[in-house]
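Undergrad: Any chance you can model this:
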Amino acid sequence: MATCPYKNILDPDIYVDSQHHAIFADIRERSNGLAKIEDPITGVPYWAVTKREIADYVCKEPLLFSSEAKTILPKEVPEEEVALSRLMLVNMDPPHHVKYRRIVRNAFTPKAVSGYEQRFREVARETIDRIAHKGECEFVTDVAAELPLVAILSLCGIPMEDKQQFFDWTNTMIFSEDEDMSGEDGFAASQAAAIEVYAYAAALAEKHKTEPLTDIVGALLDGTVNDEKLTPEEFQLFFLMLIAAGNESTRSVIAHGMRLLIEHPEQHQKLLDNPELIPSAVEEILRYNPAFVQMRRTVMKDTEIQGQKLKAGDKMVLNWQAINHDPAIFDNPEQFDVERFARNPELTSQHRAFGKGEHFCIGAHMARLEMQVMFEELLPRLKNPRLAQPVEYVRDYFVNSIKRMHLQFDPEATSPS
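TA: Numbers count the residues shown, from 1 in each chain. From the prediction side, this is the model:
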């Protein structure tokens, strides 16, 4: 049996030291963007997509390359879990996907999101107030996690006293590959956390019967698909998706953004000297380190891409990080450049941090605003930031997040009153 020439990018261990970009680049260069890779961990081989052109083609053909058949999660899970997960928006194919997405889309339009800015700034300032005078912080928990979590909980009408519980639940659910995050049996812990979220959602649904909710939760409970309201299972899964995706993803890119600025002090200085570059920097952070590393599709019928024959049932993995570093799209893609999108505004539509096509991230406008507000408020106040310890990365191939990032900085003279 021939040895696979490519490294397995579904091995969570390669993400612990954050050296995966070089692995992705090697696969893209040697395979021309589509590589058949063996996975000795699961025994299920897959096609890895690492070029933008191929990724866009796959995303424009959602019935040929299905999200629903095996869900978007790259891991292998029991069929009963797959069946339940198909009720989640992100795992639906057309036409169901469009109908379910319509229920909540009004909360995430540019007009709606612009109305959240004042509250986002208040949260960002309060967050920075708590740490600026200390001269040190654990950035992920103390800063990066705050605004995204408060934002999505507020939109869902969840009281802030439950914030820590949701932080813990989503960590456990998403980072099941990392024992430090979810314990020795990550799958069991992830399932247990999901059950807790389902129970919380069920309690909200019960409350809605006597005290109608006017937030996103209320929209979900009152919304209809084909003139029928969501079933309890559909509502609970939709709620879980909003909570998890609405805070873990943006937290990850805010943390990576701060890391990148510390590692590239000349880029950090450009933002201090020219804060109008922050929106461009946000796009570059999203391009360089998108929240999701990769997502799965399933080939639904025999087809061919670039002369390679794919069979019905084949597993495919869209590697967003590699796609966002495609040199055919971005000059010097491994260079972190906060001016890239200011020089070429049209590039904003060229990265795939939010996906493409049917499954383009419904919360993209909100994520961009959260990042922009946080860096606009943070950078002038965290003077001379530096790493106090080496960055600790989550052991995960789905969301390549930062576990802990201890920073030191010059403290503000006095604690804000």
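Undergrad: Buried ones in the longest helix along the chain, by neighbour count?
TA: When the chain is scanned for its longest helix (criterion: DSSP state H), the result is helix 232-263. Residues 234-262 are the ones in helix 232-263 that count as buried (16 or more other CB atoms under 10 Å). Where you see a C-beta, it was placed from the backbone N, CA and C, and this is true even at glycine.
Undergrad: Stretch 402-410 too?
TA: For stretch 402-410, by 16+ other CB under 10 Å, it's 402, 403, 404, 405, 406, 407, 409.
Undergrad: Repeat that for stretch 18-25.
TA: 20, 23, 24, 25.
Undergrad: Give me the subset of these that lies in helices.
TA: 20, 23, 24, 25.
Undergrad: Isn't residue 278 up against residue 372?
TA: Yes: judged on CB atoms under 8 Å, residue 278 makes contact with residue 372 at a distance of 5.9 Å.
Undergrad: Please, where are all the strands along the stretch 251-400 of the chain?
TA: 294-299, 303-305, 308-310, 315-319, 383-387, 392-393 (DSSP state E, counting those that start in this stretch).
Undergrad: Residues touching the third one, excluding its own?
TA: Defining contact as CB atoms under 8 Å, 6 or more residues apart in numbering, one finds that strand 308-310 is touched by 34, 36, 47, 299, 302, 303, 304, 316.
Undergrad: out of the residues you listed, who's nearest residue 213?
TA: Of all these, residue 316 has the smallest distance to residue 213: 38.9 Å, by CB to CB.
Undergrad: Please determine how far the closest one is located from residue 54.
TA: 10 Å (CB to CB, to the nearest Å).
Undergrad: Neighbour count for the two, which is higher?
TA: residue 316 (23 against 20; other CB atoms under 10 Å).
Undergrad: what's near enough to touch the more buried one?
TA: 46, 47, 48, 49, 58, 65, 296, 297, 298, 299, 310.
Undergrad: Can you report how many residues lie near the last one?
TA: Burial of residue 310, expressed as a neighbour count using other CB under 10 Å, amounts to 19.
Undergrad: list the contacts for the residue nearest to residue 245 when sequence neighbours are not counted?
TA: Using CB to CB, 6 or more residues apart in numbering and skipping the chain neighbours, the partner closest in space to residue 245 is residue 363 (6.9 Å). By CB under 8 Å, 6+ apart, the contact set of residue 363 is 108, 245, 246, 249.
Undergrad: picking up where we left off before, out of the contacts of residue 316, which end up buried?
TA: 46, 47, 48, 49, 58, 65, 296, 297, 298, 299, 310.
Undergrad: Mind putting these into TSV with pLDDT?
TA: Formatted as TSV, those follow (pLDDT from 0 to 100):
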residue	pLDDT
46	98
47	98
48	98
49	98
58	98
65	98
296	98
297	98
298	98
299	98
310	98
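Undergrad: Now flag whichever of those is closest to residue 388.
TA: Using CB to CB, those come closest to residue 388 at residue 48, 36.0 Å.
Undergrad: Just confirm the closest one is within a strand.
TA: Yes: checked against DSSP: H, G, I helix; E, B strand; the rest coil, residue 48 lies within a strand.
Undergrad: residues in contact with it?
TA: Per CB under 8 Å, 6+ apart, neighbours of residue 48: 6, 9, 27, 31, 34-37, 294, 316-317, 319, 322.
Undergrad: and the residues you listed, which are buried?
TA: Judged by 16+ other CB under 10 Å, buried ones among the contacts of residue 48: 9, 27, 31, 34, 35, 37, 294, 316, 317, 319, 322.
Undergrad: Check the secondary structure at the fifth one for me.
TA: Yep, that's residue 35 we're talking about. Going by three-state DSSP: residue 35 is strand.
Undergrad: For it, which non-adjacent residue is closest in space?
TA: Closest to residue 35 by CB to CB, 6+ apart is residue 48, at 4.7 Å.
Undergrad: what comes into contact with the lowest-mean-pLDDT helix or strand in the chain?
TA: Lowest by mean pLDDT, DSSP states H and E among the helices and strands of the chain is helix 179-182, with a mean of 72. Contact with helix 179-182 is made by 171, 172, 175, 176, 186, 189, 190, 193, 394, 395, 403, as judged by CB under 8 Å, 6+ apart.
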